[in-house]
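Peer 1: need a structure here:
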Amino acid sequence: MTRWKQVASALFSIGLVIAMAWYFLPQFTSVSEIKSSIDSMSTVELVTLGIAALWNLVTYTFVMVTTMPGLTYRQAFVVTESSTAVSNTVPGGGAMGIAMNYSMYSSWGFSRSRGSVSLLLSGVWNNFVKLGLPIFAIAIVAIQGGRGGGRILVALAGLGGLAFAIVVFWLLLRSQEGAHNIGIKAGKVASWL
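Peer 2: Alright, predicted model coming up:
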């Protein structure tokens, strides 16, 4: 990549972040409420939140490098942070984030099929973890003595959602006919909604 392209790419990225912060974000939330929430946090809460954020930023690069042999940690960090920023801030950003991933992978010489396998593997396991984490959180609350009936119900609903997702995933991979039937049924539900 030439020096001019690197500078243009960096300026575009900075411009995108500025546009998201000053244009998109205020359309969907109150920036002053966010600021007051942050201001009301204790030092321990802020440090814990900062550590959790850094942990999230760093650890996802391991997933990307594992699912995309040949990808460097620096590239994984760039692709993860860029696509996540777009996905989480722009309406319909999930599709744009995936397109960004493909574009970046292609610019680094990876094939579309290799990018597809990486995105599929990381996405599937990411969703399983997201379905499992609320169960983990409820277990922590229960251990600390907050065993309310509502919390147990939420934990059971989360466990049911995780089990349902695993069964559907297994049925999708089991046979082409099963995948076809699930796709037809999911399409009918989506059309009805």
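
Peer 1: middle-most residue in this structure, spatially?
Peer 2: By C-alpha atoms, centre = their mean, the chain has its centre lying nearest to T84, at 6.5 Å.

Peer 1: Helix or strand next in line after the lengthiest helix in the chain, which one?
Peer 2: Counting by DSSP state H, the longest helix found in the chain is helix 112-143. As assigned by DSSP states H and E, the chain's next helix or strand after helix 112-143 is helix 149-174.

Peer 1: got the angle between that following helix and helix 112-143?
Peer 2: If you take axes from the mean of the first three to the mean of the last three C-alpha atoms, to 10 degrees, helix 149-174 sits at 160 degrees to helix 112-143.

Peer 1: Give the buried residues for helix 149-174.
Peer 2: Neighbour-count burial for helix 149-174, counted by 16 or more other C-beta atoms under 10 Å, picks out 154-155, 158, 162, 165, 172. C-beta: built from backbone N, CA, C; applies to glycine.

Peer 1: that older thread, what residues does the residue nearest to the centre of the chain make contact with?
Peer 2: Counting by C-beta atoms under 8 Å, 6 or more residues apart in numbering, T84 touches G97.

Peer 1: contacting residues for A85?
Peer 2: A85 touches 16-17, 20, counting by C-beta under 8 Å, 6+ apart.

Peer 1: Output those as a markdown table; include the columns distance to F77.
Peer 2: Formatted as a markdown table, the entries for those read as follows, by distance: C-beta to C-beta, whole Å:
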| residue | distance to F77 |
| --- | --- |
| L16 | 17 |
| V17 | 15 |
| M20 | 19 |
